[in-house]
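A.B. asks: Take this sequence and fold it.
(chains A, B, C and D, ligands or ions: 4)
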Amino acid sequence: MTASTPPRTADAPTTTAGATPRTVLKVNDLTVEFDGTTAVDGVGFDLAAGDTLGLVGESGSGKSTTALALLRMLPPGGRITGGSVELDGQDLAALPEAALRALRGRRIAMVFQDPMSSLNPVLTVGRQLDEALRAHGAHPDRRERAARAVELLDLVGIPDAAGRLRDHPHRFSGGQRQRVMIALALANDAEVLVADEPTTALDPTVQRQILDLLTRINRQTGTALVVISHDLGVIARTCRRLLVMRHGKVVESGTTTELLRAPQHPYTRQLLAAVPRLETPSGAAANSVPGPQPLLTVTGLRKTYGSRRRAVTALDGVDLELHPGETLGLVGESGSGKSTLARALVQVHAPSGGRIRFRGEEFGRGGERTARREVQLVFQDPYSSLNPRMTAGQIVAEPLIAHGLGDRAARAKRVAELLEQVGLDPASADRHPRAFSGGQRQRIGIARALAPEPSVLICDEPVSALDVSVQAQVLDLLARLQRDLGLAILFIAHDLAVVRQVSHRIAVLHGGRIVETGPADRVVTAPEHPYTAELLAAVPRLDPAPAPALTSRSTA
Amino acid sequence: MTALAAPARALPARARNRYLAGLLTGRGLTGLALVGTVALAGLLAPLLTGQDPDAQGPLALAGPSAAHPFGTDDLGRDLFSRVLHGITTDLALILSAVPVGALAGCSLALLSATHRWADTAVQRAFDLVLAFPGLILALAVTAVLGPGRWPVFIVIALAEIPLFGRQLRSGILVQREREYALAARVGGASRPRVLLRHVLPNAVDPLIVQAAVALSVGVFIEGAMSFLGLGVRPPEPTLGSILSQSVGYLATRPTFAAAPLAATTALVLGFTLIAEALNRGIRR
Amino acid sequence: MRTFLLKRLPSALLVLLLASFLVFLILRLIPGDPATTLAGPDAGPAAVAAIRAQLGLDRPLFGQYLHWLGELLTGDLGPSYAIGGQVADLITDGLGATAQLTAAALLLVVVIALPLGVLGATARRRPVGAAVRAFTTAVLAVPPFVTGVLLVLLFAVTLGLLPAGGHESLLDAPDLALQYLLLPAVCLALPSAAVLARYLTDGIERALAEDYVRTATAVGVSRRRIVWRHALPNALPSAVTVLGLQIGHLVAGAVLVERIFAWPGLGQLVEQGVLRRDYPVVQDLLLLIVAVYVTVQLLTDLVYAWLDPRIRWE
Amino acid sequence: ADTATGQATGDAAGPRRGGVLTVGTGVDFTPALLFAQSANTLVQRLVFNTLTRYDDKLQPQPELATSWQVTPDGASVTLKLREDVTFHSGRRFTADDVVFAVKNLQNPARSAQLRSTAAAVTDFRKNGDFELTLVLAHPVSNLFDLFEFMIVPDSATVEEAFAGTKLIGTGPYTFTERKPGSSITFARNEKYWNPGRPYLDGVEIRVVPQAESLLSSLRTGQTHLSYSIRGKDIATLRSDPQFRITPYDTGSGAYYIGANLTAEHVSDKRVRQAVAWAVDRERLVEQALGGYGTVSATPWPKSSPAYSAEAAGHYHHDPERARQLLKDAGLTGISLPFAHSNDPGNTAVAQILQYDLKQVGIETVLQPTDSPTMQKQLIAQSMPALWTLSHGFAQLHPATLAVSAYPFNEAKNSSRFTSPAYTDIVRRAWQRPDSDSPEAKALYGQITDVLLDEQFVIDLAIAGLTEVAVGKARGATLNKFGYLNLDDAYLTA
Ligand SMILES: Nc1ncnc2c1ncn2[C@@H]1O[C@H](COP(=O)(O)OP(=O)(O)OP(=O)(O)O)[C@@H](O)[C@H]1O
Ligand SMILES: Nc1ncnc2c1ncn2[C@@H]1O[C@H](COP(=O)(O)OP(=O)(O)OP(=O)(O)O)[C@@H](O)[C@H]1O
Ligand SMILES: [Mg+2]
Ligand SMILES: [Mg+2]
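C.D. replies: Numbers count the residues shown, from 1 in each chain, chains lettered A, B, ... in the order given. Ligands and ions are numbered 1, 2, ... in the order given. Below is the predicted model of the structure:
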């Protein structure tokens, strides 16, 4: 082990089945540079056959770069400037391209983060599996390859595998696509599987399925796993050993159990502290007290998309109430209609039925006009919701111009104020979105939403793409705003721990209906609806207990 | 060497002006130099050559010599002077007609974004213009207006309208559904404001590339019209008219065609390189 | 697909109606009239008047328009004014010749553009990329009337390999017909091929930068296969759109090319018709071209949807 | 000087039977102009015959008519016809067919240039099937121009001929197929009245609109014979022994500048004369026509009875004189519109003229015009101040020009020129029984004088058709109207 912290002495490989497994991957002092800046700085680790290793660390710490360097697939501009990656004693960093190609997929395989863009949209899933299978010439017969493809899809748990070979990726759900990616990586029985953020942006149930799948594969085929995530919960669930990275360096490493129980490095401790835990009771009540009169009332809201013949019912009779100063958490699996509800409330999409009342006035009878200014939305994706052609200042000023608030000077002042309020330097107003980090971008979005002085803030998954430390910052900010301004917040998320922490009440959306509403702590601790219970069971926990993946899963 | 996607993470602010960055590459600079040299030669024609481009003489179809660096044409006119003046005419025509056509096309595309009916109407109008063979268009316009620069200008502009319009329209359709456009609407921006202030600036990128390509199409149209006797009023030289004049002597006097061909090739290559450079700059 | 067609059909018909009006109007806007052309160089006004009356050109314009539409609807295109024969026969013959030429050109466009486009996007060595660019530039910079004459001079006059121009029926003498077809098809195809190659290069370059290419690389797929089997299919849908646009250009280009190669197609017929103000021929022909174009647009939209599975299911 | 007709002089073996001759032309055959003179008259004499045919000295020779008798007062002409002639349809040719042919030309819709001459025939007297007397309203000096011009069609199928679907005549070849815009093909008429003729199995006329391509098709041997090669292209073939080049006096061949006398400035005769002095005709012939043309200030070719070397050289390049004339007219720095046909050849001519005029102080604005538009303006007499075109008909009897060619027509012309004196001379020259007596020639001289003085048509150069043939194509000739005669043509082995 070449980690920067000394190896731990106590119960290191206790639960391992075999005696001393063979080391398949040996990384020594790996250094990667991008145009002069060092992204990975002297990383080293060993990976034994059948072992599982987790890579955690904040955004930009070099996790993905490390993973890509393992296959020597760095983006243009990136270069391995030092160290070695030895696969069974063979140094990948020094191998010619052709030899490398023969290794990729066959001995070391990778699962990429975004399953939508990582699958070829115009080729059927069957074709893509076929391509992977024929790449190494192991299966010369076409029919044999087809059979193997079915087998693979079966293995990753896609129902009706044979039938779905002919489907294109867009016909699969996000979780299924991620499984197809895994099937691709498994096609040639690689010894090492590197999974880069395999579950980010998936809802807890799907996330759990994927993680279970990886664990199962590790156990069934003996494939060694490297799992990368910014979510410690994910890692804790899957990996036996952990590597914590920061600024391109490994700051701490050890078995998961040890690290979670007694973190050594201050950064690791900070990271752990920032992880919201489902067990933590809601902090909302302490933050603000909701008013008695509902501000926003939704009754029987319906929304169907598409033509009459191929209609999709996204919302099917939703009832909700939102009080001033209250945070209402909205959870539900992907596609349950959360965003649709948000969009109906900010009047981007007209609902197909039902009523929305704001301050007692119904939409369509005057209520919509006040609501247009007072109900604002914070978008899920902090990058795509900011106009790349505008500066931060212009973006925040847009609603002010649109609602005719103040003259040029007054607007400039207000923009500076808003930026400060969300914790950004007002001097950065003339920078474009791409010059901000993910967390900072999300704050620009919040500042924009706050600009017309709304009384209701709708946050559509505002933190799901952020790592825990940035996520904590954003959550703090929202809490402060609610306390100071008495905002009502509709908080949409799939991370139940986060939702419990920030919400007064929680509503559970399932198939376009609210199946359960109640005080946050009660919904989490004593769910009434079976679907809520299912969601809760799927949440990965940080308790060290179930972590060592090589043991059989306990029922705890 | 594998081409991989750069992670869409924060890029340093150095790429502030992507167009400039694109242009300031080897490719872009070569393109600029090519177009610049040809354009400059055209602009400085009166200084570079003392000869009247229309002055005829008994010495017809002469090869290159000291007095006539590119030789003379079939009417004994100095080709050097004619080609240089022709460049000016071509550039003036193309650099005015292409932007006008582009602007008109873009306006129509914007119009089509306002309503479903407007969209259908504009789309079909584009189809209609595209479906008419250029010859008929050229003939009709020339017949109505009389020969000269205007018909050439109009035909080039007309040809560009649907090309720019379609491209921008599809760009708008894509950009309009982006989250930032929704965000602008949630922020209270009116439909026109969303379209003009938010969607448009993001949809014009492919047009910059298209513009460079359109310039070469302009050269092409000018030449074809000259060939059909519908071009700029003689004896005013244009690259196209000199070329079509030279066609009859390709077998016996290839030097006649060489100079105008070199000039058009340089222009088209220059535009191409600039387009490629901008394209890469945008994509970076 | 049926709904798609049903949705597009009315607007396509409307385009045709509009086009018919435009065609009619444009022809009347062009000065010179069929009667004076028919009357010959030294005719007197009496002869002209007689011919005008005979052709029905002395009737009011709108009446003439309606009469023409009526003829179209009954499917009787009538006789041509100046070229001789029935318009329907003229157009059928010309259409056959032009269809051969454009089909061959289209094939060549694809055959030339595909490797060039791929090479342009993947050439790792600078000279190869530069050569591809030089070729596409030259082809775009040299107008077809020069290319055509050069091709004839080289392959027909100097080398004596191919005929200088003309047309043979494909049915009577297929091998001869192909010889006649080759040069005009190449001349017609080159500019479109260059344009298409450019769009392909662009599309492939874009596709190669996509995440799914990274996936394929990680799986171990060879570079060659990645380009042809993974990146190219993604560049195809937009290339098909460009190709659809190019078909319009091919028809326009046919006017020049058919002239240079004495190819008796629609381009020649349009030119002859316009030059002699043969209203029936030009009117029916232009309308046909518009109809073909509109159909091609419909087809490209369908092919696009077929090539891009995401469209098909929406 | 140019009298050679491509006889098979050097060919020892003599005419060979068989083979298909390919003739290239730049302009497609227009059926509607079958009975008029147009840009493509290659077809007429292949399928049809005329009554007589001129020899090189403008003396009529027998064809369908074996002999003829004109009464001394010129009031009628009696024709004896061949008795062994059948149409391609099998029907026998008789005097009725001649009657039909004349009446056919009298129909204005046929737009025959010689309609005025045909119209002078007021009565037909048949004497049996093969003798016919045409009674004339007045004597016409160009009667045999009409007989050279008038093809004898089959009366039963004349409308189909006019539509281009069926051509039935008595000529050496039968029409087999026409592909508009592409080709017309003919096969040997096995029952041709001229025994042993024609030699060729067939003829194909190929339409190659692009001048360069036509030249290439000659070079590659795809085409054997053409009359549509431009002068400057012929110049490039001159040194090539593979080709025989034969100029004719025939066809549409005089380049001129026309003036609209109702337009500003050019209404002044001195301005028109200044134009005539300003043009460098030698350079025009050299640069625009490749040397294939004769400088001339009059319309007449050398073979014409009206030709006079002195008159032809009346105007020559003298810019000083032109400037002086303008000064006399009190004009400096005038600007005039100048129309020309927009094809490359005429555009070159116009540019040369423009440059020459500019040298004497006449600025011109060129107006490239496509030929139908030009045609309409010519007939409507709405031409701009100046234009340039070419005209034909000077190769025949001089009166034909003045009564049948639109630029010179005394009754109505594009220049809007009218003068009782001109009308009088022209009528007198036309309405006389003979055409080359001294009195006739004196009248021609007077016509020439009016033309040279008035300059409403400013003649520049005579350029007849030029035959370019590959070595093995022999024996083709043209008549005075440019009808292709392949009776004696053959291909050597
Ligand atoms: N193509 C590139 N060009 C330049 N710098 C890059 C490039 N890719 C990554 N970097 C830089 O390298 C560093 C490490 O990036 P990397 O993507 O490995 O981070 P990460 O740990 O995976 O972060 P995240 O959790 O956000 O995915 C960052 O500072 C990033 O800005
Ligand atoms: N524009 C649209 N056209 C047709 N169907 C749509 C559209 N937008 C959403 N849907 C469908 O409506 C349903 C609800 O979608 P919505 O985006 O509201 O889900 P969500 O709960 O926000 O999911 P996620 O957690 O994945 O964001 C889904 O089945 C989705 O496929
Ligand atoms: Mg990463
Ligand atoms: Mg959503």
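A.B. asks: The closest residue to ligand 2 within chain D in helix, strand or coil?
C.D. replies: Ligand 2 sits closest to D:Gly181 of chain D, with a gap of 54.3 Å, by Cβ to the nearest ligand atom. Heads up, the C-betas are built off the backbone N, CA and C, glycines and all. Of the three states, D:Gly181 takes coil under DSSP: H, G, I helix; E, B strand; the rest coil.
A.B. asks: next one: the one 5 residues further on
C.D. replies: Assigned with three-state DSSP, D:Phe186 falls in the strand class.
A.B. asks: wait, isn't it in contact with D:Tyr192?
C.D. replies: No: the criterion here is Cβ atoms under 8 Å, and D:Phe186 misses it with D:Tyr192 at 12.0 Å.
A.B. asks: More neighbours: which of these two?
C.D. replies: D:Phe186 (28 against 20; other Cβ atoms under 10 Å in any protein chain shown).
A.B. asks: Without its sequence neighbours, what residue ends up closest to the more buried one?
C.D. replies: Of all residues not flanking D:Phe186 in the chain, D:Tyr173 sits nearest, at 3.7 Å (Cβ to Cβ, 6 or more residues apart in numbering or on different chains).
A.B. asks: wait, doesn't that neighbour sit right on D:Val47?
C.D. replies: Yes: between D:Tyr173 and D:Val47 a contact is recorded at 6.2 Å, counting by Cβ under 8 Å.
A.B. asks: between those two, what contacts are shared?
C.D. replies: D:Phe186 (Cβ atoms under 8 Å, 6 or more residues apart in numbering or on different chains).
A.B. asks: Can you name the residue of chain C nearest chain A?
C.D. replies: C:Gly220 (3.4 Å; Cβ to the nearest Cβ).
A.B. asks: What count of nearby residues applies to residue 215?
C.D. replies: No chain was given, so I picked chain A. So A:Thr215, with other Cβ under 10 Å, has 19 neighbours.
A.B. asks: ah, I was thinking of chain C
C.D. replies: 27.
A.B. asks: Beyond the helix or strand encompassing it, next helix or strand please.
C.D. replies: Assigned by DSSP states H and E, C:Thr215 belongs to helix C:211-219. Toward the C-terminal end, the helix or strand that comes next after helix C:211-219 (DSSP H and E) is helix C:223-225.
A.B. asks: And that next one, what's buried?
C.D. replies: Residues of helix C:223-225 classed as buried: C:Arg223 (neighbour count, 16 or more other Cβ atoms under 10 Å in any protein chain shown).
A.B. asks: nearest spatial neighbour of the residue nearest to the spatial centre of chain A, skipping sequence neighbours?
C.D. replies: Nearest residue to the geometric centre of chain A (Cα atoms, centre = their mean): A:Thr200, 2.7 Å. Closest residue in space to A:Thr200, ignoring its immediate chain neighbours: A:Gln113 at 6.4 Å, by Cβ to Cβ, 6+ apart.
A.B. asks: Could you tell me how many residues sit around the one you found?
C.D. replies: As a measure of burial, A:Gln113 has 21 neighbours, counting by other Cβ under 10 Å.
A.B. asks: May I have the phi/psi pair for it?
C.D. replies: A:Gln113 adopts backbone torsions of phi -60, psi -50, taken as degrees, to the nearest 10.
A.B. asks: Next one: it from C:His230, what distance?
C.D. replies: 19 Å (Cβ to Cβ, to the nearest Å).
A.B. asks: Tell me the spatial nearest neighbour of the residue of chain C closest to chain A, not counting adjacent residues.
C.D. replies: A:Gly105 (3.4 Å).
A.B. asks: so where is the chain shaky, pLDDT-wise?
C.D. replies: Went with chain A since none was named. A:1-20, A:201, A:306-310, A:464-465, A:542-556 (pLDDT under 70).
A.B. asks: oops, chain B please
C.D. replies: B:1-17, B:209, B:283-284.
A.B. asks: What is the burial count for the residue lying closest to D:Thr25 once chain neighbours are set aside?
C.D. replies: Leaving aside its sequence neighbours, D:Thr25 sits nearest to D:Ser228 (Cβ to Cβ, 6+ apart; 5.0 Å). Per other Cβ under 10 Å, the neighbour tally for D:Ser228 reads 23.
A.B. asks: and D:Ser228, what is it in contact with?
C.D. replies: Counting by Cβ under 8 Å, 6+ apart, D:Ser228 has contacts D:24-27, D:211, D:214.
A.B. asks: one more time with 7 Å, if that's ok
C.D. replies: Counting by Cβ atoms under 7 Å, 6 or more residues apart in numbering or on different chains, D:Ser228 makes contact with D:24-26, D:214.
A.B. asks: now the farthest one out in chain D, which residue is it?
C.D. replies: Distance to centre of chain D, Cα atoms, centre = their mean, peaks at D:Gly330 (39.3 Å).
A.B. asks: And the pLDDT at that one?
C.D. replies: According to the prediction, D:Gly330 has pLDDT 90.
A.B. asks: Checking it next. Helix, strand or coil?
C.D. replies: coil.
A.B. asks: and the residue of the stretch 51-200 of chain A nearest chain B?
C.D. replies: For the stretch 51-200 of chain A, Cβ to the nearest Cβ, closest residue to chain B: A:Pro75, 4.3 Å.
A.B. asks: Next, give phi and psi for that residue.
C.D. replies: When read as degrees, to the nearest 10, the backbone of A:Pro75 gives phi -70, psi 160.
A.B. asks: Tell me how many other residues crowd it.
C.D. replies: 17.
A.B. asks: That one and A:Ala99, how far apart?
C.D. replies: 21 Å.
A.B. asks: How about the longest helix along chain B, which residues are buried there?
C.D. replies: The helix spanning the most residues in chain B, taking DSSP state H as the definition, is helix B:79-112. By 16+ other Cβ under 10 Å, the buried positions in helix B:79-112 come out as B:79-91, B:93-94, B:97-102, B:104-106, B:108-110, B:112.
A.B. asks: quick one: the closest residue to C:Val242 other than its chain neighbours from C:Leu116, how far?
C.D. replies: Distances taken as Cβ to Cβ, 6+ apart put C:Tyr199 closest to C:Val242, at 4.6 Å, once the chain neighbours are dropped. Taking Cβ to Cβ as the measure, C:Tyr199 falls 11 Å from C:Leu116.
A.B. asks: Chain C contacts on the stretch 201-350 of chain D?
C.D. replies: D:206-210, D:212-213, D:216-217, D:219-220, D:222 (Cβ under 7 Å from any Cβ of the partner chain).
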